[in-house]
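Visitor: Need coordinates for the following:
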Amino acid sequence: MLVHVSEGFAGEVDRVDDTVIVTRFGYVNFMPFAPERTYVRYARSDGSPVVVEIPMVTRSVIAGYLPSWSLLFGFFVAIAGGVIGASIGGAVAALASVAAGIGVAYAMRRLATRIGRLPADEQDRRRVYGAWIGPATDPVLCGTNLDPWIACLRGLVDARVRASAETRGYRSAPATLEAWLDAALASDDVALLGAAFTLARAETTWAADSAERADLERRHAALWERISARVAEAAAVRGTAELAAATPIPRDRAKAPPAAPISPRLKAIGAAVGSAVLAAGAYLVTHPVFYAVNVSSHDRVVVLVDGKPIAPPIEAQSFARVQLAIGDHTLEAQDASTGQILDRARLHLGIRDGGGLYAPARRKGACMFVQRAVYKEPIWSFLISDRSGLLDPGASAWALPAALDDVLEEPPRSLYVSGDSLGAIRWAAFVVPCPRP
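Guide: Sure thing, here's the model as predicted:
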């Protein structure tokens with residue numbers, strides 16, 4: 001077996017103009033297999049490209065896996081579901097499983113697109129950050145690589161606060177983060193506002209506790225209110241050039257920066273998609289199809305399962321179909337006109353049964369026959385039980401190997417099957433004369 005191993009970038013998220021976050025993966029046979037490192041890619045003012053390693057971004061890793069693996073996962077869901085559906089539920093369940101596989105693949109690809117997309121206001125915030133740190137990305141995602149820049153940013157904000165006429169009252173104030181941010185809020189200097197806005201966001205990774213982080217987030221939001229109407233002006237400031245001349249003010253981290261969390265909305269979407277797929281699959285497996293047929297001499301028959309009617313009265317030579325949970329069931333048939341009890345039976349549906357059939361009070365000499373008609377042998381045929389043949393003449397209820405495609409009719413003698421079809425099987429149940437003793 002030929003195995004192709006390579007490396008490449010995938011999982012583009014958080015694109016803002018020329019800035020994007022990507023993850024480098026190890027590829028096996030052209031499929032992303034192992035995430036290695038995450039990078040932020042951007043272009044300098046002169047257009048030259050820059051690639052900087054940052055801590056692993058979970059959303060980028062997920063976005064790297066989903067486009068390629070969604071197709072493979074959806075294919076296996078369709079195949080596995082088709083095999084199980086064909087063996088226990090017939091063609092309808094198999095087609096439903098194939099459709100579910102396609103739906104899973106589509107949903108996963110849509111999720112990959114959604115988790116990498118930023119709202120317009122967040123893109124504007126990152127353009128302001130980019131004026132001071134280089135890439136238009138969230139400083140929280142940059143980790144310790146950004147520490148020297150943030151130290152210079154503290155020094156620059158401190159110097160501007162003490163030099164600005166608008167913040168004259170802060171010149172003798174202690175050099176604290178709170179004093180800098182409050183002074184910036186009192187200023188109309190777009191450069192100072194942008195620098196303080198970026199600093200407030202970056203400092204959340206140094207916060208000693210949740211109270212300090214909440215206070216920084218409050219000031220960060222207040223600064224955004226001041227600067228949101230001047231984004232273009234703030235993003236055009238050559239902040240990175242100014243930082244080169246700033247005197248750094250270092251600060252020890254209270255703890256390592258927190259990992260960027262997956263938003264509750266994305267968690268909810270993933271949980272909902274996974275739960276829906278699992279619930280649909282579990283329901284199909286644990287609720288095989290039950291058929292009640294009226295091949296009696298009575299014009300209309302009411303069929304009760306566990307004491308409850310499953311449908312309106314069944315006309316002669318007709319049938320009703322419902323899904324029943326696996327387990328033991330009590331069946332009863334009554335004449336719809338007189339209420340006369342025509343038949344009682346018990347039926348056990350197991351996990352390997354694809355359906356159930358009930359034919360109460362059959363006409364004399366009438367038996368039920370189940371036939372498996374193969375028009376094109378599927379590759380998974382060895383997994384499908386071939387329990388076709390005459391059903392027990394002494395019984396009125398039977399478990400079936402699969403859901404029925406034809407009820408009270410023989411399967412067609414021929415069936416068009418396209419060349420790319422994986423297989424074609426139909427199950428039928430119909431009346432035949434009982435064999436002579």
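Visitor: Show me where the stretch 1-150 of the chain has its helices.
Guide: Under the criterion DSSP state H, counting those that start in this stretch, the stretch 1-150 of the chain contains helices at 58-88, 90-115, 120-133, 147-163.
Visitor: Would you quantify the distance from Ala234 to Ala136?
Guide: 12 Å (C-beta to C-beta, to the nearest Å). Placement of C-beta: from N, CA and C, glycine included.
Visitor: how far does stretch 335-351 sit from the chain's center?
Guide: Relative to its chain's centre, stretch 335-351 lies at 43 Å (C-alpha atoms, centre = their mean, to the nearest Å).
Visitor: In that stretch, which residues are buried?
Guide: Of all the residues in stretch 335-351, those buried under the rule 16 or more other C-beta atoms under 10 Å are 335-336, 342-343, 345, 347, 349.
Visitor: Sort out which one of those lies nearest Ala107 for me.
Guide: The nearest member of those to Ala107, counting by C-beta to C-beta, is Leu349 at 31.2 Å.
Visitor: isn't the closest one right up against Tyr358?
Guide: No: counting by C-beta atoms under 8 Å, Leu349 stays clear of Tyr358, with 11.4 Å between them.
Visitor: Now for those two: what residues contact both?
Guide: Phe290 (C-beta atoms under 8 Å, 6 or more residues apart in numbering).
Visitor: joint contacts of Ala234 and Ala136?
Guide: Both Ala234 and Ala136 are contacted by Arg127, under the criterion C-beta under 8 Å, 6+ apart.
Visitor: residue ranges of the helices in the stretch 251-400 of the chain, please?
Guide: For the stretch 251-400 of the chain, the helices defined by DSSP H, counting those that start in this stretch cover 264-286.
Visitor: which residues of the stretch 1-150 of the chain score low on pLDDT?
Guide: Applying pLDDT under 70 to the stretch 1-150 of the chain flags residues 1-4, 72-98, 100-101, 104.
Visitor: go on, the stretch 201-350 of the chain?
Guide: Filtered on pLDDT under 70, the stretch 201-350 of the chain yields the residue ranges 252-263, 265-267, 277, 281.
Visitor: Which stretches in it count as strands?
Guide: 289-293, 300-305, 308-309, 314-315, 319-323, 327-335, 341-349 (DSSP state E, counting those that start in this stretch).
Visitor: Pick the most buried one from the ones you listed.
Guide: Ranked by mean neighbour count under mean count of other C-beta atoms under 10 Å, the strands of the stretch 201-350 of the chain are led by strand 289-293, which reaches a mean of 24.
Visitor: for that strand, packing partners?
Guide: Taking 3 or more C-beta pairs under 8 Å, 6 or more residues apart in numbering; DSSP states H and E as contact, the helices and strands that strand 289-293 lies on are strand 319-323, strand 355-358.
Visitor: try it again with 10 Å
Guide: If you count contacts as 3 or more C-beta pairs under 10 Å, 6 or more residues apart in numbering; DSSP states H and E, strand 289-293 packs onto helix 90-115, strand 300-305, strand 319-323, strand 327-335, strand 341-349, strand 355-358, strand 397-400, strand 424-433.
Visitor: Tell me which of these lies nearest to Gly47.
Guide: Proximity to Gly47 (C-beta to C-beta) singles out helix 90-115 among the helices and strands packed on strand 289-293, at 27.8 Å.
Visitor: Could you check how many residues crowd around the nearest residue to Ala325 once chain neighbours are set aside?
Guide: The shortest distance from Ala325 to any non-neighbouring residue, by C-beta to C-beta, 6 or more residues apart in numbering, is to His287 (5.6 Å). As a burial measure, His287 scores 15 neighbours (other C-beta atoms under 10 Å).
Visitor: Pretty sure His287 sits against Val322.
Guide: Yes: His287 lies in contact with Val322 (C-beta atoms under 10 Å); the separation is 9.2 Å.
Visitor: Out of the buried residues of stretch 335-351, flag the one nearest to Glu178.
Guide: Among these, and counting by C-beta to C-beta, the member closest to Glu178 is Leu349, at 69.3 Å.
Visitor: Identify the bridge partners of the closest one.
Guide: For Leu349, the beta-bridge partners are Gly327 (DSSP bridges).
Visitor: rewinding a little: the strands of the stretch 201-350 of the chain into a markdown table, with extra columns for distance to Val140?
Guide: Shown next, in a markdown table, are those (distance: least, C-beta to C-beta, whole Å):
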| stretch | distance to Val140 |
| --- | --- |
| strand 289-293 | 53 |
| strand 300-305 | 59 |
| strand 308-309 | 58 |
| strand 314-315 | 66 |
| strand 319-323 | 50 |
| strand 327-335 | 53 |
| strand 341-349 | 55 |
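Visitor: one step back: export the helices and strands packed on strand 289-293 to TSV and append columns for distance to Thr204.
Guide: Converted to TSV, the helices and strands packed on strand 289-293 look like this (distance: least, C-beta to C-beta, whole Å):
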stretch	distance to Thr204
helix 90-115	22
strand 300-305	61
strand 319-323	53
strand 327-335	55
strand 341-349	58
strand 355-358	59
strand 397-400	62
strand 424-433	61
